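**Q** with the input below, show me the fold.
(4 chains)
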4 protein chains.
Amino acid sequence: MSRPTEGKAYPFVHVRRIRWGESDPARIVYTARYLDFAMDAIEAFFNDRLGASFYEFNVDHGCGTPFVHVELDFRSPLTPRETLETEVRLARLGGSSLTFAVAGRAGERLCYEGKLVCAFVDTTDAKMKPIPVPPQFRTLLEPDAAFTAA
Amino acid sequence: MSRPTEGKAYPFVHVRRIRWGESDPARIVYTARYLDFAMDAIEAFFNDRLGASFYEFNVDHGCGTPFVHVELDFRSPLTPRETLETEVRLARLGGSSLTFAVAGRAGERLCYEGKLVCAFVDTTDAKMKPIPVPPQFRTLLEPDAAFTAA
Amino acid sequence: MSRPTEGKAYPFVHVRRIRWGESDPARIVYTARYLDFAMDAIEAFFNDRLGASFYEFNVDHGCGTPFVHVELDFRSPLTPRETLETEVRLARLGGSSLTFAVAGRAGERLCYEGKLVCAFVDTTDAKMKPIPVPPQFRTLLEPDAAFTAA
Amino acid sequence: MSRPTEGKAYPFVHVRRIRWGESDPARIVYTARYLDFAMDAIEAFFNDRLGASFYEFNVDHGCGTPFVHVELDFRSPLTPRETLETEVRLARLGGSSLTFAVAGRAGERLCYEGKLVCAFVDTTDAKMKPIPVPPQFRTLLEPDAAFTAA
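**A** Got it, this is the predicted structure:
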């Protein structure tokens, strides 16, 4: 169950070209865009690992994953000359939360690192009550947790 | 009914400071941000004139106003040194659509102009069926239509 | 000179997954994001056809391509379940301007269409004086102009 | 020097209406937008306290303030029905860095908290060498540091 899933790469890596409009008059990527980059990489991780997007969770399954904490350290500036590769590791598969460790590189150069925590909630409940990670998703996430622990 | 409403200014003007992160490495506002500026100004117009936001229309009234057409002409670049004032005029109060004419200035200098068209639809209908402009909103919009025609 | 360049596909197509944060509480893509999609597709076209990004034009070549006009027609809503393919055609290769025709589809379904015009300017000049399309870029753009005309 | 400056309010508070396009299909503000909110509030703090924008620092003074660390805790969701007030406190006035503590509220309800750290650098130097906080800015920031310490 916790073995790597066939056809999946570990850790998950999300690749994107840096765009003109993501850069500011200092001619480097604007600070606030890094949280977009980290969230985009985690969204792509969900699509790849769970076969369902944030959208499908919410609209089809009545299950949300709001983020409760994010932190980012900026190591080296990025420009639109570069392609960013953000590595997404599942640092902790909790009872009702997930902790992600992300690291973004341009080639070998580390550009940013971060930690992001989301919680599973019942979106059909007005108070957004926390719920356990649904069992079918837990099974699909175990290989990533095992890879991180190894 | 079509006289200016007391306490309202005509035309409606939305004011915002230009921000660092809205500007690009050419050190002027990035092209795509102008549609955000125009949409923000129209959203503020809805709040002011109708006393209800896009959000309240959708979530509380089951009534949406998707945009079907936008066009923008860029007249002069903007930088974060400046404050943008976007004037919103109701160019046409149609049976089930609204046409807005916007003009954004920094001081006396015209920076951009645009035309944006939205349609009223029933959001409780899966096909987003067009509906007439609801009568209570039409009444509230007539002074702006009259001001433009004058 | 105007024959398709080997290894290039005509017309140019830019592919992207629709993201959660690009969608609004009506559960479809927010209006203002379409201009980002169109601009991203044109930026990717520049990278592919000219081998240089907006950033390299500006920072390395002192040559800018500010947009002077954009217009978009929204044909059918998009959601994060979908992948958007935006086709970029060079509708007109002018003396000092380029006119792009874009069309975005999710599968066979047309979602939006647009026309965007940019002008070449000398960014080392404070007044951003218009300049002819640089000859080396004109040569590289001719196959796209010929493809559109065919 | 460290007394509150006449005509300034302590702590600094930045007010903004939540917009439709900042909210996602879960009908609450999208996670990544909170870093935009915190950065916008700090940018407004710079304008108010130092009489110079990020843009003027960079373009006119050759002095940048890149952020090296950000962290955010999400306490309660926000919707476009609400107005967000973000309080900006100068938690530490270091030798060449500033640490900000931010707290965003909708009425009395705490929505998010955060800590953000920026460093002063010489932008005319290709390596972005750290520099001391320029003395004229230090003087202007001391009342905020004293207010936080009180």
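
**Q** okay, CA-based contacts and neighbour counts for the rest of this
**A** Noted.

**Q** sec struct for residue A:69, please.
**A** strand (DSSP: H, G, I helix; E, B strand; the rest coil).

**Q** what about it, how many residues nearby?
**A** Neighbour count for residue A:69, taken as other CA atoms under 10 Å in any protein chain shown: 20.

**Q** ok, now residue A:101?
**A** 20.

**Q** equivalent analysis for residue A:119, please.
**A** 21.

**Q** quick one: it and residue D:74, what's the gap?
**A** For residue A:119, the distance to residue D:74 equals 11 Å [CA to CA, to the nearest Å].

**Q** between the two, which contacts overlap?
**A** A:67, A:68 (CA atoms under 8 Å, 6 or more residues apart in numbering or on different chains).

**Q** is residue A:122 in a bridge, and if so with what?
**A** Beta-bridge partners of residue A:122, counted by DSSP bridges, are residue A:63.

**Q** list the contacts for it?
**A** A:62, A:63, A:64, A:128, A:129, A:130, A:131.

**Q** change it to 6 Å
**A** Contacts for residue A:122 were tallied using CA atoms under 6 Å, 6 or more residues apart in numbering or on different chains; they are A:63, A:128, A:129.

**Q** stretch A:12-22 near chain D at all?
**A** No: shown here: stretch A:12-22 not in contact with chain D (CA under 6 Å from any CA of the partner chain), separated by at least 12.6 Å.

**Q** give the buried residues for that stretch.
**A** A:12, A:13, A:14, A:15, A:18, A:19, A:20, A:21, A:22 (16 or more other CA atoms under 10 Å in any protein chain shown).

**Q** in three-state terms, label the closest residue to the first one other than its chain neighbours for me.
**A** Same thing as residue A:12. Closest residue to residue A:12 apart from its sequence neighbours, by CA to CA, 6 or more residues apart in numbering or on different chains: residue A:88 at 5.3 Å. Put simply, residue A:88 is strand when judged by three-state DSSP.

**Q** could you check the pLDDT of residue A:88?
**A** Residue A:88 carries a pLDDT value of 98.

**Q** in a helix, residue A:91, correct?
**A** No: Residue A:91: not assigned to a helix; according to three-state DSSP it is strand.

**Q** ok, it to residue A:97 distance?
**A** 11 Å.

**Q** also residue A:27?
**A** Taken as CA to CA, the span from residue A:27 to residue A:97 is 37 Å.

**Q** might you report the residue contacts of residue A:94?
**A** Contacts of residue A:94 by CA under 6 Å, 6+ apart: none found.

**Q** re earlier: ok, how many other residues are close to the residue nearest to residue A:12?
**A** 24.

**Q** now swap in residue A:40 and tell me
**A** When counting by other CA under 10 Å, one arrives at 20 neighbours for residue A:40.

**Q** report pLDDT for the residue lying closest to it once chain neighbours are set aside.
**A** Distance criterion CA to CA, 6+ apart; nearest residue to residue A:40, sequence neighbours excluded, is residue C:19 at 7.5 Å. If you check residue C:19, the pLDDT there is 96.

**Q** distance of residue C:19 relative to chain D?
**A** The gap separating residue C:19 from chain D is 10 Å, by CA to the nearest CA, to the nearest Å.

**Q** SS state for residue A:145?
**A** Per three-state DSSP, residue A:145 ends up helix.

**Q** what's it in contact with, if anything?
**A** residue A:90.

**Q** one more: residue A:78?
**A** Residues near residue A:78 by CA under 6 Å, 6+ apart: A:28, A:29.

**Q** what of the one 5 residues further on?
**A** Residues counted as contacts of residue A:83 (CA under 6 Å, 6+ apart) are A:16, A:17, A:18, A:106.

**Q** over to residue A:65?
**A** A:118, A:119, A:120.

**Q** so which bits of chain A are right by chain B?
**A** Close to chain B, as judged by CA under 6 Å from any CA, chain A has residues A:21, A:23, A:24, A:25, A:27.

**Q** let's see 10 Å
**A** With the criterion set to CA under 10 Å from any CA of the partner chain, chain A comes near chain B through A:20-33, A:79-80.

**Q** can you list the buried residues in stretch A:44-51?
**A** Those would be A:44, A:45, A:46, A:49, A:50, for stretch A:44-51 by 16+ other CA under 10 Å.

**Q** so how far is chain C from the first one?
**A** For residue A:44, the distance to chain C under the criterion CA to the nearest CA works out to 9 Å.

**Q** ends of stretch A:77-88, how far apart?
**A** 20 Å.

**Q** oh, that last question was meant for stretch A:25-33, not what I typed.
**A** By CA to CA, one end of stretch A:25-33 lies 14 Å from the other end.

**Q** likewise for stretch A:12-21?
**A** 26 Å.

**Q** all strands of chain A, in order?
**A** A:12-17, A:63-64, A:67-74, A:83-93, A:97-106, A:109-119, A:121-122 (DSSP state E).

**Q** show me which of the buried residues of stretch A:12-22 is closest to chain B.
**A** residue A:21 (5.7 Å; CA to the nearest CA).

**Q** excluding chain neighbours, what is closest to the residue nearest to the spatial centre of chain A?
**A** By CA atoms, centre = their mean, chain A has its centre lying nearest to residue A:42, at 2.0 Å. Using CA to CA, 6+ apart and skipping the chain neighbours, the partner closest in space to residue A:42 is residue A:88 (6.7 Å).

**Q** so what's that neighbour up against?
**A** By CA atoms under 10 Å, 6 or more residues apart in numbering or on different chains, the contact list for residue A:88 reads A:10-14, A:38, A:41-42, A:44-45, A:100-104, A:114-115, A:144.

**Q** rerun that using 7 Å as the cut-off
**A** Going by CA atoms under 7 Å, 6 or more residues apart in numbering or on different chains, residue A:88 touches A:11, A:12, A:13, A:41, A:42, A:100, A:101, A:102, A:103.

**Q** can you redo these as a markdown table with pLDDT?
**A** Converted to a markdown table, the contacts of residue A:88 look like this (pLDDT from 0 to 100):
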| residue | pLDDT |
| --- | --- |
| A:11 | 97 |
| A:12 | 98 |
| A:13 | 98 |
| A:41 | 98 |
| A:42 | 97 |
| A:100 | 98 |
| A:101 | 98 |
| A:102 | 98 |
| A:103 | 98 |
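
**Q** distance to residue C:56 added to those, as CSV?
**A** Converted to CSV, those look like this (distance: CA to CA, whole Å):
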residue, distance to residue C:56
A:11, 32
A:12, 30
A:13, 26
A:41, 26
A:42, 30
A:100, 34
A:101, 32
A:102, 29
A:103, 26
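
**Q** looking at the residues you listed, which is nearest residue A:54?
**A** Comparing those against residue A:54 with CA to CA places residue A:42 closest, at 9.8 Å.

**Q** ok, now how distant is that closest one from residue A:103?
**A** 11 Å.
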